[in-house]
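*Asks:* Sequence and predicted structure below; questions after.
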Amino acid sequence: MPAVYKCYCAYCRKISGGAFQAVVGAQGFEVTQGADKVAPYNVSGTYVRNHCGTCHTFLWGQVTVAPGIPPYVACGAVDGDAVGSERPIEHLFVRSKVPWHAIGEAGTQHQAYPPM
């Protein structure tokens with residue numbers, strides 16, 4: 001089962017309002033309602049974040065500077081238990097982690113993007 005990624009980059013921290021943003025690969029997920037309200041936002045030419053145009057909740061993103069990285073979905077935007085609880089955890093951009101947050105659980109730590 002693909003991993004849940006906890007991303008500690010500045011963009012993800014700011015969009016989540018916390019120490020990290022939890023995301024999962026977009027494979028198998030689909031927009032079931034409100035597709036006409038999705039609003040893309042190009043973040044500094046490196047990736048595109050898609051938000052709800054009404055409430056501005058972050059939904060999914062796509063890195064544009066590294067073609068091998070698949071689209072990812074914000075775990076908090078997924079209804080029900082579709083993300084699942086048995087996925088391994090990987091930590092991304094730990095070089096950008098804020099000093100007041102300790103990574104307490106196990107999981108592979110990557111200084112930037114994981115190898116693809």
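*Replies:* Yep, that arrived.
*Asks:* Leaving out chain neighbours, which residue sits closest to Val4?
*Replies:* The spatially closest residue to Val4, leaving aside those adjacent along the chain, is Arg87, at 4.7 Å (Cβ to Cβ, 6 or more residues apart in numbering). Every residue, glycine included, has its C-beta placed from N, CA and C.
*Asks:* Next, work out how far apart that neighbour and Thr46 are.
*Replies:* Distance, Arg87 to Thr46, using Cβ to Cβ, to the nearest Å: 25 Å.
*Asks:* Between the two, tell me which one has more neighbours.
*Replies:* Shown here are Arg87 and Thr46; by other Cβ atoms under 10 Å, Arg87 has more neighbours (15 against 12).
*Asks:* mind checking how far the residue nearest to the spatial centre of the chain is from Phe93?
*Replies:* Ranked by distance to the mean C-alpha position of the chain (Cα atoms, centre = their mean), the top residue is Val23 at 3.2 Å. Distance from Val23 to Phe93, counting by Cβ to Cβ: 12 Å.
*Asks:* got any residues that touch both of these two?
*Replies:* Any residue near both Val23 and Phe93 by Cβ atoms under 8 Å, 6 or more residues apart in numbering counts here, and that gives 7, 12.
*Asks:* how about the strands in this structure?
*Replies:* 4-7, 21-25, 38-43, 47-52, 58-63, 72-74, 89-92, 108-109 (DSSP state E).
*Asks:* now the ones you listed in a markdown table, with mean pLDDT and distance to Pro99?
*Replies:* Shown next, in a markdown table, are the strands of the chain (pLDDT from 0 to 100; distance: least, Cβ to Cβ, whole Å):
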| stretch | mean pLDDT | distance to Pro99 |
| --- | --- | --- |
| strand 4-7 | 92 | 16 |
| strand 21-25 | 92 | 18 |
| strand 38-43 | 92 | 24 |
| strand 47-52 | 92 | 25 |
| strand 58-63 | 92 | 24 |
| strand 72-74 | 92 | 24 |
| strand 89-92 | 92 | 15 |
| strand 108-109 | 94 | 15 |
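*Asks:* Mind checking those for the one nearest to Ile15?
*Replies:* For Ile15, the closest of the strands of the chain is strand 58-63, at 5.2 Å, according to Cβ to Cβ.
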